[in-house]
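Novice: I'll drop the sequence and a predicted model, then ask my questions.
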Number of protein chains: 2
Amino acid sequence: MTRVVLATHNAHKVEELRRILGPRLESFELVGYDGPEPAETGTTFAENALLKARAAARHTGLPALADDSGIGVDVMGGAPGIFSARWSGPRKDAGENLRLLLWQLTDVPAEHRGGGFTCAAALVLPVTGAEHVETAVWRGRILDAPRGDSGFGYDPIFQPEGYDVSAAELPPAEKDRVSHRATAFARLMTVLADRVPST
Amino acid sequence: MTRVVLATHNAHKVEELRRILGPRLESFELVGYDGPEPAETGTTFAENALLKARAAARHTGLPALADDSGIGVDVMGGAPGIFSARWSGPRKDAGENLRLLLWQLTDVPAEHRGGGFTCAAALVLPVTGAEHVETAVWRGRILDAPRGDSGFGYDPIFQPEGYDVSAAELPPAEKDRVSHRATAFARLMTVLADRVPST
């Protein structure tokens, strides 16, 4: 098995990506990361994903995957965007972030609540330093109030296009099939399979 | 004197605009407004300024001026934008709004703190319903901490281009000369003088 590192300290995220990729992982073994994490000083999802993947590739010597994701509201010009995780401040409290966004959008009528989740998924190879980023958007709209218990982050207030439920009400297997992270990483796996010999 | 109504319940804003326009008001008398105010349901500064001016023109039968203004941060895609006054929620607490924006931008280095104040100033004429909007931007950058006591809103954390001080440290007469509101309303006055006979 060829090992590939996912640049996150969050074991839950490693599990989630294993689930998302499923058989597409083929002969790659996805491992977690406990090395140094860089400051996320980029101004785009892609830059931040690359910063994280570069740090993990450098520290482990393995091909490294990373992602940076967030929610964007059209009428806010795409904000919260890269600030999604720290929307209510550096404490990164997901519940406070969600409540603040709802609060800000109080008077915004349904027809102007369009938005989407964006995921930039990055691959950085050791030695050569070759880099690749895939960005995917999951379109939908921002609800008036949270719905559902599964998922995390802004899932309870996001209703994906084509569904009558929030992302936190979707069966996890369904979310893993259609989400922004699923789409971005599925695309990136074809690049990985192409560039990295699996053993 | 031909009366022109400024669509705001805030007497301070009427005074400020009288000061900004000074001799440009010529034979127009600027009066305040205490009629019904519309919900600001627009998705742009210009739409919101027009909503306010239309309501005042309809209610008073006078030529009506209104503005919608806010701060935008480049790295946030122009947010807070039209949400500036309610950034921390519908309580519209200016101090909380300012602190939240600083908090969100905690890790953003100086070179990515560019932004600007935008003002859309609208003129709506009664009877014909003719409409005109001028939009002006005052460029600068977002400081790390508040500076200065004059001004209002986000002034203490905004350093205009060409100055070493915040907008809240500028002498008021200087701010009245160069701000986004000054520029937008100065342009609009030439339209007003052109369209409305002064007596």
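Specialist: Right, received. Where do you want to start? Residues are numbered from 1 along each chain as shown, chains lettered A, B, ... in the order given.
Novice: going forward, measure contacts and count neighbours with C-alpha atoms only.
Specialist: Noted.
Novice: How about the contacts made by A:His59?
Specialist: Contact partners of A:His59, counting by Cα atoms under 8 Å, 6 or more residues apart in numbering or on different chains, are A:Gly35, A:Pro36.
Novice: wait, I meant A:Ala130
Specialist: With contact taken as Cα under 8 Å, 6+ apart, A:Ala130 is in contact with A:Val124.
Novice: what's the host helix or strand of A:Cys119 packed up against?
Specialist: When elements are defined using DSSP states H and E, A:Cys119 is found to belong to strand A:114-124. Judged by 3 or more Cα pairs under 8 Å, 6 or more residues apart in numbering or on different chains; DSSP states H and E, the packing partners of strand A:114-124 are helix A:45-60, strand A:64-73, strand A:131-142, helix A:180-195.
Novice: and among these, the most buried is which?
Specialist: Ranked by mean neighbour count under mean count of other Cα atoms under 10 Å in any protein chain shown, the helices and strands packed on strand A:114-124 are led by strand A:64-73, which reaches a mean of 26.
Novice: Could you check that one against chain B for contacts?
Specialist: No: residues of strand A:64-73 are not located near chain B by Cα under 8 Å from any Cα of the partner chain, the shortest gap being 9.8 Å.
Novice: ok, and what's touching that strand?
Specialist: Here strand A:64-73 makes contact (Cα under 8 Å, 6+ apart) with A:4-8, A:45-46, A:48-50, A:52-54, A:56-57, A:78-85, A:113-126, A:142, A:154, A:181.
Novice: in the sheet, who's paired with the residue positioned nearest the centre of chain A?
Specialist: Among the residues of chain A, the one closest to the centroid is A:Ser69, at 3.6 Å (Cα atoms, centre = their mean). A:Ser69 forms beta bridges with A:Cys119, as assigned by DSSP bridges.
Novice: Could you do A:Pro80 as well?
Specialist: With DSSP bridges as the criterion, A:Pro80 is bridged to A:Gly72.
Novice: Equivalent analysis for A:Thr2, please.
Specialist: A:Thr2 has these beta-bridge partners by DSSP bridges: A:Phe28.
Novice: Was I right to think it contacts A:Val31?
Specialist: No: look at A:Thr2 against A:Val31 with Cα atoms under 8 Å: they stay out of range, at 10.3 Å.
Novice: of these two, who's got more company?
Specialist: Using other Cα atoms under 10 Å in any protein chain shown, the more surrounded residue of A:Thr2 and A:Val31 is A:Val31, with 18 against 14.
Novice: Identify the residue nearest that one in space, chain neighbours excluded?
Specialist: Of all residues not flanking A:Val31 in the chain, A:Val5 sits nearest, at 4.8 Å (Cα to Cα, 6 or more residues apart in numbering or on different chains).
Novice: want to try JSON lines for the helices and strands packed on strand A:114-124, with mean pLDDT as columns?
Specialist: Listed next are the helices and strands packed on strand A:114-124 as JSON lines, based on pLDDT from 0 to 100:
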{"stretch": "helix A:45-60", "mean pLDDT": "97"}
{"stretch": "strand A:64-73", "mean pLDDT": "97"}
{"stretch": "strand A:131-142", "mean pLDDT": "98"}
{"stretch": "helix A:180-195", "mean pLDDT": "92"}
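Novice: Could you dump those into TSV with distance to B:Glu26 added?
Specialist: What follows is the helices and strands packed on strand A:114-124, written out as TSV (distance: least, Cα to Cα, whole Å):
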stretch	distance to B:Glu26
helix A:45-60	52
strand A:64-73	44
strand A:131-142	48
helix A:180-195	58
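Novice: Contact residues of chain A facing chain B?
Specialist: Those residues of chain A that sit near chain B, judged by Cα under 8 Å from any Cα, are A:41, A:43, A:75-81, A:83, A:86-90, A:100, A:103-104, A:106-109, A:112.
Novice: Now which of the residues you listed would you call buried?
Specialist: In these, burial by neighbour count holds for A:43, A:75-81, A:83, A:86-89, A:100, A:103-104, A:108, A:112, counting by 16 or more other Cα atoms under 10 Å in any protein chain shown.
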